[in-house]
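K.L.:
Predicted coordinates and the sequence they were generated for:
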Amino acid sequence: MALRGKALLALMLGLLIGLVGACGGGGGQGSGGGGDDNTVTIGYIDWDEDVAVTNLAAILLEEELGYNVETTLSEVGPLYSGVATGDLDAFLDVWLPNTHASYWEEYQDDVVDLGQWYEGTATLGIGVPDYVEARSIEDLNEYRDEFGGEIIGIEPGAGIMKIVEENAIPGYGLDYNLVASSTPAMISELEEALESNQPIAFTAWKPHWMFTAFDIRYLEDPEEEMGGPEQISAIAREGLEEDAPEAFQFLDNIYLTEEQLGELELAINEAGDPEVGARAWLEENREVVESWLPS
């Protein structure tokens, strides 16, 4: 047989073997978004709590339960859609009943609700150092000269910016400007104010490591212009429990207190790398995660 003919025959046999293998299914611990039987895919958004819990979960799924883990950074909408269609196995940062209400209404019937994994409530607010005299958002006008008539904000497109601009400032009749910047820039200004014991008002939210690292508090919000408390939960794709029961049970078991999550986020911030920080936190908090692992 000519060399070209042999090569063609080998190619055809290889394609046939590959086709049979693909149709045959195969074993392993799971299937779904990752594309092979032992892969779990977790989608996440670039919010501190989601970066933290996703990296921690990935480490434990790989090293304790033997899965391959793929993480996908995206926007909220595509993550809900990905879990609903089965392209993703899980998303761990569902904010309800307000922030993600529209996504929940659209996708709740096509995903599995794993329930709340964060013990505290997720909230938005205007933060100040503990040492300032203002106690409530409505006090800000009284202390306008001290704060310079400014509330230091973050990225212009962030939801909390819209809430402060459209709800809190007019709702309390504040004669203040909301200064758009970025989250790192806001944190930097907060650190400078704390070092010099100066007043500062800034956009704040929980969970976030700033409440672990600094002596700060929310201004009281009696009119709830910043919105009410929310819960953080997780969702998984339909069929994950059957395809990867240990991974499903693990994700369903995740549970962190406000202090634990704050320390995890802070460890990541100090390390400058999510995996390095998560591993450092894990070394000091092994007992926290033991109950998450399937027996």
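P.N.:
Cool, the structure landed. Numbering: from 1, shown residues only.
K.L.:
Give me the local confidence score for M161.
P.N.:
On pLDDT, M161 comes in at 93.
K.L.:
same question, E75
P.N.:
89.
K.L.:
excluding its backbone neighbours, what's nearest the residue minimising distance to the centre of the chain?
P.N.:
Centroid check for the chain by C-alpha atoms, centre = their mean gives D50 as the closest residue, at 1.8 Å. Leaving aside its sequence neighbours, D50 sits nearest to D93 (C-beta to C-beta, 6 or more residues apart in numbering; 3.7 Å). For glycine as for every other residue, the C-beta is placed from the backbone atoms N, C-alpha and C.
K.L.:
who's in contact with the one you found?
P.N.:
Counting by C-beta atoms under 8 Å, 6 or more residues apart in numbering, D93 makes contact with 44-45, 47, 49-50, 53, 232, 234.
K.L.:
That one belongs to a helix, doesn't it?
P.N.:
No. Under DSSP: H, G, I helix; E, B strand; the rest coil, D93 sits outside any helix and is assigned strand.
K.L.:
and the gap between it and I45?
P.N.:
D93 is 6 Å from I45, where distance means C-beta to C-beta, to the nearest Å.
K.L.:
for G125, same thing?
P.N.:
Taken as C-beta to C-beta, the span from G125 to I45 is 20 Å.
K.L.:
So between those two, which is more surrounded?
P.N.:
G125 (23 against 18; other C-beta atoms under 10 Å).
K.L.:
ok, and the closest non-adjacent residue to the more buried one?
P.N.:
Y218 (3.7 Å).
K.L.:
can I assume the one you found is in contact with T123?
P.N.:
Yes. Shown here, Y218 and T123 form a contact pair, counting by C-beta atoms under 8 Å, at 7.4 Å.
K.L.:
so V94 bridges to which residues?
P.N.:
In this structure, V94 bridges to S233 when assessed by DSSP bridges.
K.L.:
Verify the contact between it and S233 for me.
P.N.:
Yes. At 4.7 Å, V94 and S233 qualify as touching, with contact defined as C-beta under 8 Å.
K.L.:
ok, those two, which is more surrounded?
P.N.:
Higher neighbour count among V94 and S233: V94, with 27 against 18, using other C-beta under 10 Å.
K.L.:
Contact partners for the more buried one?
P.N.:
By C-beta under 8 Å, 6+ apart, the contact list for V94 reads 100, 104, 232-235.
K.L.:
Can you flag the buried ones in those residues?
P.N.:
With neighbours counted by 16 or more other C-beta atoms under 10 Å, those contain buried members at 100, 104, 232-235.
K.L.:
Could I get the full set of strands for the protein?
P.N.:
Along the chain, the segments classed as strands by DSSP state E run 39-44, 68-73, 90-96, 111-116, 123-129, 150-152, 177-179, 202-206, 216-218, 231-237.
K.L.:
Alright, that wraps it up for me.
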